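Visitor: what follows is a predicted protein model with its sequence.
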Amino acid sequence: MRPIPVESPRTGLDIRPMEQSCPRGGARSRRRAWAVLAVALCWTVAGADSTYRVRPGDTLSGIAVRSGVSVAAIRAANARLRTSTVVQAGWVLTIPDGRLEATTHTVTAGQNLTVIARKYGITVTQLTAANPRYRGGRPVWAGAVLTIPARTAHGGSTPSASAAPRVAVRTASTARPTGGWTWPVSGYHTVSSGFGERTLEGQDETHYGVDIVAPVGTPVRAARSGRVLESRPDFERGWGWTVVLEHPDGWITRYAHLSANLVKAGELVVQGQPVGRVGNTGRSTGPHLHFGTYLRWDPRDPMTLY
């Protein structure tokens, strides 16, 4: 089965097509066997529990957070975890359903309703129902506080836009791309803000990229060859002038806070080609390049690729 896109780079909407639900009885067993041979990820929603196939880089605590259940509950449901908390890629874990109480979420730069809904395992419709001011496609700004409604977590699975309990099958992929990466700002290697949790302007947030300090106007180069998915001003999400490139094997890179964009959407670029110039546009605290890397829109730390 071919890799499928997770999110539209232009709209931010979840455009992942959902595959046929797992059949029942013997057909289900045959489908599961095929899924294992295809090295695929298959969620099932049947009865009280779900199953989850461990992916490279997963940890038990991370699976528990996404599932909305405790580490202890997952260990109790899986005999192989009774004496260990280490999981291995390819294992199929039983994830007991958990009831999650209503909570709030503070929007950070780069997030939209689709990203937030997927983070909490709900649909955009459920999210906007709890936050009616954002119905009709109204943008959500960094710093806004959203209500996350109470929900049942089905082993960390993410519902589709219609919230139908179906199965998403995604082909497994390597955590590292083939081929090398070019540092996007030649001669400048100071990272003022790394990947992960940080506090900016008094607010805690997750930073999905690294900030590379460089003077305004410094050329920004494509980390790898690919195609321009996006080249535009995106002030609604705090990126300022931004360029997004799609690379082979599912990798995507973002270059944000630019002072100038040097490519247009749809163009093909080669590794090392200038795609923009360092700037200070959008939600920025000084001249720098925000450099983000994603594997099928799953944020990854750029520093692990060099």
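Guide: Happy to help now that I have it.
Visitor: tell me how far the ends of stretch 131-142 are from each other?
Guide: From its first residue to its last, stretch 131-142 covers 15 Å (Cα to Cα, to the nearest Å).
Visitor: should've said stretch 242-256
Guide: Distance across stretch 242-256, first residue to last, is 4 Å (Cα to Cα).
Visitor: just the mean pLDDT for it, thanks.
Guide: For stretch 242-256, the mean pLDDT works out to 93.
Visitor: from here on, call the first residue 32.
Guide: Sure thing, new numbering starts at 32, so read that last one as stretch 273-287.
Visitor: quick one: buried residues of it?
Guide: 273-278, 281-287 (16 or more other Cβ atoms under 10 Å). Where you see a C-beta, it was placed from the backbone N, CA and C, and this is true even at glycine.
Visitor: closest to Val117 among the residues you listed?
Guide: Nearest to Val117, judged by Cβ to Cβ, of these is Gly281 at 26.9 Å.
Visitor: thinking that closest one is in contact with Asp329, fair?
Guide: No - with contact defined as Cβ atoms under 8 Å, Gly281 does not reach Asp329; the gap is 9.2 Å.
Visitor: just to revisit the earlier point, ok, the buried residues of stretch 273-287 vs Ser262, which is closest?
Guide: Ranked by distance to Ser262 (Cβ to Cβ), these are led by Val274 at 5.0 Å.
Visitor: so the closest one bridges to which residues?
Guide: When bridges are called by DSSP bridges, Val274 pairs up with Ser262, Tyr286.
Visitor: show me what contacts the closest residue to Ser315 other than its chain neighbours?
Guide: Spatial nearest neighbour of Ser315, chain neighbours left out: His288 (4.5 Å); criterion: Cβ to Cβ, 6 or more residues apart in numbering. Contacts for His288 (Cβ atoms under 8 Å, 6 or more residues apart in numbering) come out as 270-273, 309-313, 315, 319-321.
Visitor: tell me if Ile94 really is in a helix.
Guide: Yes - under DSSP: H, G, I helix; E, B strand; the rest coil, Ile94 falls within a helix.
Visitor: could you check how far it is from Ala181?
Guide: Look at Ile94 and Ala181: by Cβ to Cβ, to the nearest Å, they are 21 Å apart.
Visitor: higher neighbour count, the two?
Guide: Legend: neighbour count by other Cβ atoms under 10 Å for Ile94 and Ala181, higher for Ile94 (20 against 11).
Visitor: so the residue nearest to Ser315 is in which element?
Guide: Under the criterion of DSSP states H and E, His288 resides in strand 282-292.
Visitor: how about the contacts of His288 in CSV, adding distance to Arg84 and secondary structure?
Guide: Formatted as CSV, the contacts of His288 follow (distance: Cβ to Cβ, whole Å; DSSP: H, G, I helix; E, B strand; the rest coil):
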residue, distance to Arg84, secondary structure
Trp270, 33, coil
Gly271, 39, strand
Trp272, 40, strand
Thr273, 34, strand
Val309, 41, strand
Gly310, 42, strand
Asn311, 43, coil
Thr312, 41, coil
Gly313, 38, coil
Ser315, 40, coil
His319, 39, strand
Leu320, 36, strand
His321, 33, strand
